[in-house]
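Asker: Got a predicted structure plus its sequence, pasted below:
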Amino acid sequence: MELIQVRVDSETKEAAVTLFEALGMDLSTAIRSFLKKAISEGGMPFDMKLDESTLKAMAAVRSMRETSERNGNSEMTLDDINEEIAKARKERKVRK
């Protein structure tokens, strides 16, 4: 048998202990049940949903990453990016 340690605030632990005792089990049994259910489900045994703004932000990041990869600059470092910006500013000054 393996040992798993989890840190939670005291209010969460107390509420969980109260809940699971009402269901006739201790906290360790409840956690083992959670892990076994997650394994049998192949994921979290409850719905996990993202709100609309998070989904939009994730789509925007994905789009920026795809654009960066298409443009061949997805591997640029911050120094590379700053160098490109400095070059563009110089070129703009020359054109004026």
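Answerer: Looks like it arrived, so ask away. Residues are numbered from 1 along each chain as shown.
Asker: How is the protein divided into domains?
Answerer: The chain breaks down by automatic domain parsing into domains covering 1-48, 52-95.
Asker: And the last one, end to end?
Answerer: Between the opening and closing residues of domain 52-95 there is a gap of 44 Å (C-alpha to C-alpha, to the nearest Å).
Asker: just to revisit the earlier point, in CSV, list the domains of the chain along with mean neighbour count and mean pLDDT.
Answerer: In short, each C-beta sits where N, CA and C put it, glycine included. Formatted as CSV, the entries for the domains of the chain read as follows, by neighbours: other C-beta atoms under 10 Å; pLDDT from 0 to 100:
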stretch, mean neighbour count, mean pLDDT
domain 1-48, 10, 93
domain 52-95, 10, 89
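Asker: tell me the phi and psi of Ala86?
Answerer: When read as degrees, to the nearest 10, the backbone of Ala86 gives phi -60, psi -40.
Asker: if I look at it, how far off is Lys93?
Answerer: Per C-beta to C-beta, to the nearest Å, Ala86 is found 11 Å from Lys93.
Asker: Please apply the same query to Glu11.
Answerer: Look at Glu11 and Lys93: by C-beta to C-beta, they are 60 Å apart.
Asker: Could you do Lys36 as well?
Answerer: The spacing between Lys36 and Lys93, counted by C-beta to C-beta, is 66 Å.
Asker: before we move on, what about Arg32?
Answerer: Spatial separation of Arg32 from Lys93 under the definition C-beta to C-beta is 67 Å.
Asker: cool, Asp51 as well?
Answerer: Separation of Asp51 from Lys93 (C-beta to C-beta) stands at 44 Å.
Asker: How about Gly42?
Answerer: With distances defined as C-beta to C-beta, the gap from Gly42 to Lys93 amounts to 58 Å.
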